[in-house]
Structures are given as C-alpha cells and as structure tokens.
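*Asks:* pasted the sequence and its predicted model underneath.
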Amino acid sequence: MGDLWTSSWIILGFMPALLDSMTILEPSTETVVLAKGNAATLGCTYVLDPVEIGNVFIMWYKINPDTTELDTVLLSYASNYMKSYAPPSLKNRLSFTAADPGQGDASILITHLKVTDSGTYQCNVKNNPGVASRRITLIVEERPRHPRCFIKGKNTKGRDVILKCRPRGGTPPLKYKWQKISGPLNPTTPDLNSTPVTGDLLIRNISKAYEGAYQCTVGNKVGTATCVVHLHVCTGEEKIGHIQPSLIKFKDFTEMFGITNCHLTMEHGEIYASANAKKLSELTCNKNENASVVFQRVL
C-alpha cells in the first residue's frame, strides 16, 4: 500500500495542475495576512466529476522557498485515513476542518498562529483521472503592543520638545499617527503626522497653546495600539493650588508632598510657586510653616 501511495503522487507530479473532471472552488492562488495568536483556515473545497472513480487522495505541503530543496509534507488523506507529517512545532495545531476530507472539503486549520508559520501552503486533490491544486501564501504578523508615550526635551516656553511613541513588538513596517485629543486649539500646531516612520513628533517653540493631551496610534496590517502623553508648558510662574477652606494647613501640605522650602504667593485666591527648578520639591522658599493659610494642591 505504501508503494502504491508513493507511486500515485509521483504520477501526480507529472500531471497538469487542473483537469476538467476535478475542480477546486477557491482561486488557484491567495494571500492571507493574519495576526499572531489567531487561527487560520486555508480553504480547499472541491467537486468531482461523476465519471471519476476510486478514492480521493489529498496532500498538503508547505513550499520550500529554496527550490533546490524538497517541500515539507504536512497532512495526507487517503482511503478514509488521515496522517500528519508536520514538525512538532506545528503538529498539534494543524488539522483538517472536515471530519471526512474525502467528501468535498480538504481545508485545513492552523491554530495559535506563530510568525514562523508564515509561508506558502499547497493543497493537492487527486481522484482518477482528475487532479487539482491551489496555493495559499500565509503571512503571520505580530501586532504592536503596549506603546509608551513620553516627552524628550525641557517643557519650558520657547523650547523644542519631541513627543515619542515606542511600542513593544510589532511586525514592521509600523505606521504612526498623532492626534491632539485635549487642550487649546492652535492654528500653528505642527503637522501631527509628519514623522510616520519613527513615531517622533517635533514641536518647536512651545507655548501654552500647545498644552494638552496627545495620542499616538501605532499599527500595522493586523492591529493597532495607542498611548497618550500630556504636554504641560512651564512659564515663569506655575499655579500649584487654590484656596479651599478647612482642608490642609500649609505645614501639613509641605509634609504630605515632601516640600521643605517653598516660596508661595497668593493672588486672587490662587496659590503660585516660582518655577525656577525642575521639580516642585527642589524650589527654594521662605514661607512660614506655621502659616494658617489653608489650601490644597491642584494635580
């Protein structure tokens, strides 16, 4: 039986790809792009001419891109018997979709797709005297995941900053798109999609008009992911709080936020701090810790 099976496929290799008595219903070639982790159904449904006799023979291959090497046999069906030849990394994820592929459906299913599953697969169906085949190119890509948005540069009025977007993983090429989703409308806002290759957004000569939340969307053929960064522009003075009676005394406030020497001024009920250091805890101050002004910080 083994010799008969081998000789049948040797003969098949010299026969035309399609005879009128055997027809595969899907196109002869197809390209499918799917995300890593998804499942792929590679279709191969067929109809037989009534004049055909004998058993249906089905064979699935993964085509070797090196034409000097043999293709990899994955699955076979003959005389109601299915056999897998797939490598261990694929064997438990590969199967025919139909309980009996000999009844017109030789499609296969690959679950939990891996990037290494990418390649060209060929379905051959034979039943004397007809034979037909089709090829499916499967491309498995990884979605970009958990991007991180951050700002490079000093966010001081008049300076330049770069908004950056860095995803984890993702099959290239990746495309980036920036949107300002909150904050002042500004007609001089730069082209938010001027750097789709690197994901960097350069903003020159920043001012209060550029403050707000910026969203980066990074994607490829199989998925997208987003992150948000908030741009705050520092000027000579920065508001850090406002008066709200019966909340926290100045001494409690300084202890709560670890601020020890903070020069505060009050104007129209608003609390201000001189922005002469990178962090609030580094500001110099002369305020009396026993002051009875009661306020809370605006975060």
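*Replies:* Everything's here; your move. Numbering: from 1, shown residues only.

*Asks:* can you give me the helices for the stretch 51-200 of the chain?
*Replies:* Per DSSP state H, counting those that start in this stretch, the stretch 51-200 of the chain carries helices over the ranges 88-91.

*Asks:* low-confidence stretches in it?
*Replies:* For the stretch 51-200 of the chain, the stretches flagged by pLDDT under 70 are 51-53, 186-196.

*Asks:* again, 90 this time
*Replies:* 51-55, 67, 79-80, 127-131, 154-156, 182-199 (pLDDT under 90).

*Asks:* quick one, strands of it?
*Replies:* Counting by DSSP state E, counting those that start in this stretch, the stretch 51-200 of the chain has strands at residues 57-62, 72-78, 81-84, 94-96, 108-110, 119-127, 130-141, 145-152, 161-168, 175-182.

*Asks:* among these, which is nearest Thr23?
*Replies:* Ranking these by proximity to Thr23 (Cβ to Cβ) places strand 130-141 first, at 6.3 Å. Just so you know, the C-beta spots here come from the backbone N, C-alpha and C atoms, and that holds for glycine as well.

*Asks:* kindly export the closest one (C-alpha atoms) in PDB.
*Replies:* C-alpha atoms of strand 130-141 as PDB (Å, rounded to 0.1, in the frame of the first residue of the first chain):
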ATOM      1  CA  GLY A 130      -8.600  14.200 -12.300                       C
ATOM      2  CA  VAL A 131      -6.100  16.300 -10.200                       C
ATOM      3  CA  ALA A 132      -6.200  19.900  -9.000                       C
ATOM      4  CA  SER A 133      -4.200  22.100  -6.700                       C
ATOM      5  CA  ARG A 134      -4.100  25.600  -5.200                       C
ATOM      6  CA  ARG A 135      -1.600  27.700  -3.200                       C
ATOM      7  CA  ILE A 136      -2.100  30.000  -0.200                       C
ATOM      8  CA  THR A 137       0.500  32.400   1.000                       C
ATOM      9  CA  LEU A 138       0.100  32.900   4.700                       C
ATOM     10  CA  ILE A 139       1.700  35.900   6.300                       C
ATOM     11  CA  VAL A 140       1.600  36.000  10.100                       C
ATOM     12  CA  GLU A 141       2.400  39.400  11.700                       C
END
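
*Asks:* now do it against strand 57-62, angle only.
*Replies:* Going by axes from the mean of the first three to the mean of the last three Cα atoms, to 10 degrees, strand 130-141 is angled at 30 degrees with respect to strand 57-62.

*Asks:* give me the buried positions along strand 130-141.
*Replies:* Neighbour-count burial for strand 130-141, counted by 16 or more other Cβ atoms under 10 Å, picks out Gly130, Val131, Ala132, Ser133, Arg134, Arg135, Ile136, Leu138, Val140, Glu141.
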